[in-house]
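Undergrad: Sequence first, predicted coordinates after that:
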Amino acid sequence: MKIIEPHKELNQSLFMITAKQNCTDFDSLIDDLNNHQYEVESGLRNYGAVVIRGYEVKTPEQFQQVGLNIFPDLRNQYPGGAPRYKVAEYVWTASSVPSYRSICGHTELSYSPSEQPPYILFFSPQVATSGGETPIINLKSVLSDLPEQLQQKCSHSRLVTKFFWASTQKKLFDVRSWKWPWFSSRKSWKIVFKTEDKGLVETKCFDAGGQTEWLANDGLIVDYPMPIIGAHPITKEIAWTGWFPWFHIWGVCIDAWFAAKYQRKLRSWLVFLTLFLITFGQICLEKLIPERRKYRSLDVVFEDGSDLSFWDVYHIVKSYWKNTELFSWQEGDIVILDNYRMGHGRLPFTGERKVYIAFS
Ligand SMILES: [Fe+2]
């Protein structure tokens, strides 16, 4: 096992553990982890991100074994609403957002602080042909890189994320659901909560810090309040909590802009343009029929009910990109992030890319 300490001057903030030559098999990794548990822990404590590279990790089950070796308390239930599938007792697929779209930066389950996992683990047995980097966002400086007025607002307010689910699975005209050539189906609340009992749904939401509102057409809106900045549970360091700009109607379009500026590919610009037109169309429709806003698949407001403006979201996404290091995957890589200190996302990609995740 070789340990590569991050170098600030190289803009490298990831603590990397690499296999020694001729000791790259899976058993060597488990031995190394057993003998160097302290290095992994201190890497996470000091840098918030650890990469394990160069070992022969090929399957979700092996990834699970590594995960359990470091975090014996891995979760076997994922409480969030992201589209992912379980592939082993403690392992899920990464979110199945189409490859041509970017996923804005966020921390996992930031909208539901009581359920937020302290650590998130990623594993990639197959990397993209091009693109597909994981932006790793250092959340410490996100707030200070915002305009003064927005900093003030974010320091003294919480955000409320609103999820809408219809009573039956259906396609929604919503920019978040765009999937070439039309829109993907959104699950019903009965499927999401695995019950038709409204009382049970209310209890589950309440336990996760949410408040339910039933609509006349049997649809459901759940509000989750979250702080925008908070203290790290161990280090007590104050940082941005990792709000997901995807929740705002302009968020995906703005992130696509930054992704296209970075990738400089025709496809990225076309995706940005499409997202812009859909978002604009959706907003125009809501101006004509104001009650449509209730049926956004996702929405977000400040706690006092005021909206985040386009420019608020633009500055937040810009600050994420400013504080990002793009991680390029190699086959078999495992990345562990302190989910209170480091956000993550995904850039558009081509080819086949497989990423699995686990949570402690
Ligand atoms: Fe995520």
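TA: Noted; the coordinates are in hand. Residues are numbered from 1 along each chain as shown.

Undergrad: just so I have it, where are all the helices in the chain?
TA: Per DSSP state H, the chain carries helices over the ranges 26-35, 37-47, 60-70, 148-156, 189-192, 198-207, 251-263, 266-288, 310-322.

Undergrad: Give me the distance between the spatially most central residue of the chain and Leu139.
TA: Nearest to the mean C-alpha position of the chain, by CA atoms, centre = their mean, lies His106 at 4.4 Å. Going from His106 to Leu139 by CB to CB, to the nearest Å gives 10 Å. The C-beta positions use only the backbone N, C-alpha and C, and glycine is treated the same way.

Undergrad: For the protein, give me the ranges with low pLDDT.
TA: By pLDDT under 70, the low-scoring segments of the chain are 4-12, 80-81.

Undergrad: Show me the domain layout of it.
TA: Here the domain parsing of the chain from automatic domain parsing is 2-97+117-128+327-359, 141-318.

Undergrad: Run a quick neighbour tally on Trp182.
TA: 9 (other CB atoms under 10 Å).

Undergrad: what sits against the closest residue to it other than its chain neighbours?
TA: In space, Trp182 comes closest to Lys171 once its chain neighbours are excluded; the distance is 7.0 Å by CB to CB, 6 or more residues apart in numbering. Listed by CB atoms under 8 Å, 6 or more residues apart in numbering, the contact partners of Lys171 are Ser177, Trp182, Phe183, Ser184, Ser185, Arg186.

Undergrad: can you tell me how far the second one sits from Ile278?
TA: The one in question is Trp182. Distance, Trp182 to Ile278, by CB to CB: 11 Å.

Undergrad: Can you check the distance spanned by stretch 128-145, start to finish?
TA: 32 Å (CA to CA, to the nearest Å).

Undergrad: Only the buried residues of it, if you could.
TA: Under the neighbour-count criterion of 16 or more other CB atoms under 10 Å, stretch 128-145 has 128, 131-140, 142-143, 145 buried.

Undergrad: Redo these as a markdown table? Include distance to Asn69.
TA: A markdown table is the format used below for the buried residues of stretch 128-145 (distance: CB to CB, whole Å):
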| residue | distance to Asn69 |
| --- | --- |
| Ala128 | 28 |
| Gly131 | 31 |
| Gly132 | 27 |
| Glu133 | 27 |
| Thr134 | 22 |
| Pro135 | 27 |
| Ile136 | 22 |
| Ile137 | 27 |
| Asn138 | 26 |
| Leu139 | 27 |
| Lys140 | 29 |
| Val142 | 32 |
| Leu143 | 35 |
| Asp145 | 37 |
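
Undergrad: Now for the spatially closest residue to Gly251 that is not a sequence neighbour, how many residues are close by?
TA: Sequence neighbours aside, Pro245 is the residue nearest to Gly251 in space, at 3.3 Å (criterion: CB to CB, 6+ apart). Counted by other CB under 10 Å, the residues lying close to Pro245 total 23.

Undergrad: you'd agree Pro245 is up against Cys104?
TA: Yes - at 4.3 Å, Pro245 and Cys104 qualify as touching, with contact defined as CB atoms under 8 Å.

Undergrad: shared neighbours, the two?
TA: Common neighbours of Pro245 and Cys104 (CB under 8 Å, 6+ apart) are Gly251, Val252, Asp255, Val317, Tyr320.

Undergrad: Between these, which sits nearest Asp338?
TA: The shortest approach to Asp338 among the shared contacts of Pro245 and Cys104 belongs to Tyr320, at 16.5 Å (CB to CB).

Undergrad: That closest one contacts Gly343, doesn't it?
TA: Yes - counting by CB under 8 Å, Gly343 is a contact partner of Tyr320 at 6.8 Å.

Undergrad: Quick check: neighbours shared by the two?
TA: Here Tyr320 and Gly343 have Gly105, Pro135, Ile137 as joint contacts, going by CB under 8 Å, 6+ apart.

Undergrad: show me what contacts Gly131?
TA: Here Gly131 is in contact with Gln263, Leu347, Pro348, Phe349, Thr350 (CB under 8 Å, 6+ apart).

Undergrad: That concludes my questions; thank you for your assistance.
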